[in-house]
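Colleague: the following comprises the amino acid sequence and a computationally predicted model.
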Amino acid sequence: MSTRIAFLKGHGTENDFVIIPDPENAIDLSPAAVATLCDRRAGIGGDGLLHVVRSAAHPEARAMAAEAEWFMDYRNGDGSTVEMCGNGVRVFARYLQRAGHVTEGDIAVATRGGVKTVHLAKDGDVTVGMGKALLPEGDVTVRVDERSWPARNVNMGNPHAVAFVDDLAHAGNLFTPPPFSPASAYPDGVNVEFVVDRGPRHVALRVHERGVGETRSCGTGACAVAVATARRDGADPAVTGTPATYTVDVPGGRLVITERPDGEIEMTGPAVIVAEGEIDAEWLAAAQG
């Protein structure tokens with residue numbers, strides 16, 4: 001094995017990722033190794049890790065290989081796997097473009113949440129087809145200290161609880177998961193978004209990402225927020241036949257979310273590669289745990 005392993009660093013609205021190109025799925029990335037790579041002091045630092053693998057080379061993606069050549073083997077910063085990451089898939093597509101694997105236009109990316117269509121625009125923005133939102137029935141409540149709020153249960157391939165608040169400061173520090181009830185609503189944990197209004201079809205959020213803590217942005221969370229806000233506002237594109245577009249400000253920038261009459265949701269925002277380098281393979285082996 002080479003004594004050095006290539007990596008890149010990128011972000012989408014300051015949701016940042018370590019990128020490990022590994023087309024043939026030859027690099028063992030244990031949860032402990034991922035957590036160390038994402039550690040902001042002991043490693044490279046990132047909210048998560050994008051393991052870039054050909055779909056045909058990964059057991060979880062082989063069934064999607066005919067639709068999408070590349071699989072986004074996404075890991076949270078604590079090393080756990082997750083179904084989908086909206087900001088991550090934009091950065092993943094930007095990496096594929098930088099590496100010469102794809103060009104401007106539409107590409108398909110396999111994820112644990114299914115195959116996603118990504119459009120690389122000439123102006124630099126990246127649009128991702130995020131699929132449809134599911135709105136499970138049942139009341140959900142989230143709590144921070146002495147305050148509690150009703151939350152909308154939205155599933156974007158991963159679970160979200162969307163709470164509308166008067167002040168984003170009410171979300172507290174978001175280092176730890178905000179308590180929610182009932183526990184049965186989210187047996188595997190949940191991403192929690194706290195939302196305030198900024199203007200007509202314009203909101204801002206803070207988010208606790210499951211397995212990470214507070215992040216500067218969450219793409220699936222922004223989609224969940226747009227859908228929850230639309231329903232709160234009485235807008236349902238499936239009923240009206242008219243797309244609903246919301247601007248969603250996150251701490252790291254701005255995303256534009258459109259829900260179409262067929263239920264499909266598109267997210268548009270920036271994706272930037274900021275650095276590349278090499279990891280010492282001996283150090284990585286020691287980090288495997």
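Modeller: Looks like it came in fine. Numbers count the residues shown, from 1 in each chain.
Colleague: all helices for the stretch 101-250 of the chain, in order.
Modeller: Here the stretch 101-250 of the chain has its helices, by DSSP state H, counting those that start in this stretch, at 219-232, 237-240.
Colleague: tell me the most buried of those helices?
Modeller: Most buried of these by mean neighbour count (mean count of other C-beta atoms under 10 Å) is helix 219-232; its value is a mean of 26. Every residue, glycine included, has its C-beta placed from N, CA and C.
Colleague: can you redo the helices of the stretch 101-250 of the chain as JSON lines with distance to residue 10?
Modeller: Listed next are the helices of the stretch 101-250 of the chain as JSON lines, based on distance: least, C-beta to C-beta, whole Å:
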{"stretch": "helix 219-232", "distance to residue 10": "13"}
{"stretch": "helix 237-240", "distance to residue 10": "32"}
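Colleague: can you redo the ones you listed as JSON lines with mean pLDDT?
Modeller: As requested, those are exported to JSON lines (pLDDT from 0 to 100):
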{"stretch": "helix 219-232", "mean pLDDT": "97"}
{"stretch": "helix 237-240", "mean pLDDT": "97"}
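Colleague: for residue 273, find the nearest of those.
Modeller: Nearest of the helices of the stretch 101-250 of the chain to residue 273, taken as C-beta to C-beta: helix 219-232 at 16.9 Å.
Colleague: quick one: distance of that closest one to the chain centre.
Modeller: Its chain's C-alpha centre and that of helix 219-232 lie 14 Å apart, by C-alpha atoms, centre = their mean, to the nearest Å.
Colleague: put the alpha carbons of that helix into CSV.
Modeller: Coordinates of each C-alpha in helix 219-232 appear next as CSV, following Å, rounded to 0.1, in the frame of the first residue of the first chain:
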residue,chain,number,x,y,z
GLY,A,219,-29.1,20.5,2.8
THR,A,220,-31.7,17.9,3.6
GLY,A,221,-32.6,20.1,6.6
ALA,A,222,-33.2,23.1,4.4
CYS,A,223,-35.5,21.0,2.2
ALA,A,224,-37.4,19.8,5.2
VAL,A,225,-37.7,23.4,6.4
ALA,A,226,-39.0,24.6,3.0
VAL,A,227,-41.6,21.9,2.9
ALA,A,228,-42.7,22.4,6.5
THR,A,229,-42.9,26.2,5.9
ALA,A,230,-44.9,25.7,2.8
ARG,A,231,-47.5,23.6,4.6
ARG,A,232,-47.6,26.1,7.4
